[in-house]
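Trainee: Using only what follows, build the 3D model:
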Amino acid sequence: MKTIGLTLLAILATASISAQDRTEDEKDKVFDTKHEVRLGVIKLLAGPIFEGGYEYIIDSNQGVGAYVLANFDSSNDWFENYSLTPYYRMYFQTKEDYGAKGFFVEGFTSFFSSDFDLEDSLFGDANNEDVFDISIGLSVGKKWINTTGFVFEAKFGAGRNLLGNADVDALIKFDFYIGYRF
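Mentor: This next block holds a predicted model:
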């Protein structure tokens, strides 16, 4: 009985030592990676709205990227049918050794098409023409990343529509994203 207990204790001690070494190697691998892909979960679950994003990590404090959105059901109340949203992002993390995570501020420009009409949405008519508009705005959010490269991000932002073609004057950007850094 003592032999079995000592053997299990030795196996657990060895596993924890090797797991710590492997974690350090994986952590170093994640530090060196510059590419990240993400998928918007809330929009995907709420309706058939796909929003995917890519980010290139410039250094530990900044990144650039773009989101692509496609609304596959125009009868839902989401105001964008399609959009391309390039952005520049500044990170304000507390630890310098692990960059491009934590609190961030993002400046974005969104090129989008919409058939959303606020009056028609409230009163039930959904037969609107598709219009194109451009928006410029700011977002704030927080990004978490683990040592294996999985990314979780929450973001909220708003932008002003510049062309005046859309029925609303502002564009709202928000979601919870799950992704991977490689």
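Trainee: any low-confidence regions in this protein?
Mentor: For the chain, applying pLDDT under 70 flags the ranges 1-31, 94-98, 116-128.
Trainee: where exactly do the helices run in it?
Mentor: 2-32, 41-46, 118-123 (DSSP state H).
Trainee: Glu129 touches Ser114, doesn't it?
Mentor: No - the criterion here is C-beta atoms under 8 Å, and Glu129 misses it with Ser114 at 10.0 Å. C-beta: built from backbone N, CA, C; applies to glycine.
Trainee: The two: which has the busier surroundings?
Mentor: Higher neighbour count among Glu129 and Ser114: Ser114, with 25 against 7, using other C-beta atoms under 10 Å.
Trainee: What separation is there between the more buried one and Ile49?
Mentor: 13 Å (C-beta to C-beta, to the nearest Å).
Trainee: Quick one: residues in contact with the strand ranked longest in the chain.
Mentor: Longest strand of the chain, by residue count under DSSP state E: strand 131-145. Identification of contacts with strand 131-145 by C-beta atoms under 8 Å, 6 or more residues apart in numbering yields 30, 87, 91, 98, 100-115, 151-166, 170-171, 173, 181.
Trainee: Mind listing what's buried along that strand?
Mentor: Within strand 131-145, the residues that count as buried by 16 or more other C-beta atoms under 10 Å are Val131, Asp133, Ile134, Ser135, Gly137, Ser139, Gly141, Lys143, Ile145.
Trainee: Kindly reformat those as a markdown table containing distance to Val64.
Mentor: Putting those into a markdown table (distance: C-beta to C-beta, whole Å) gives the following:
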| residue | distance to Val64 |
| --- | --- |
| Val131 | 28 |
| Asp133 | 23 |
| Ile134 | 18 |
| Ser135 | 18 |
| Gly137 | 16 |
| Ser139 | 14 |
| Gly141 | 15 |
| Lys143 | 14 |
| Ile145 | 17 |
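Trainee: Which pair in those residues has the greatest spatial separation?
Mentor: Greatest spacing in the buried residues of strand 131-145, by C-beta to C-beta: Val131 and Ile145 (37.7 Å).
Trainee: show me the contacts for Ser83.
Mentor: Applying C-beta under 8 Å, 6+ apart to Ser83 gives the contacts Tyr67, Val68, Leu69, Ser110, Phe111, Phe112, Ser113.
Trainee: With adjacent residues omitted, what lies nearest to it?
Mentor: Phe112 (3.6 Å; C-beta to C-beta, 6 or more residues apart in numbering).
Trainee: Next, count neighbours for the one you found.
Mentor: Neighbour count of Phe112, defined by other C-beta under 10 Å: 22.
Trainee: Asn146 now?
Mentor: Neighbour number of Asn146 under other C-beta under 10 Å is 12.
Trainee: ok, so what distance separates it from Lys101?
Mentor: In terms of C-beta to C-beta, Asn146 sits 10 Å off from Lys101.
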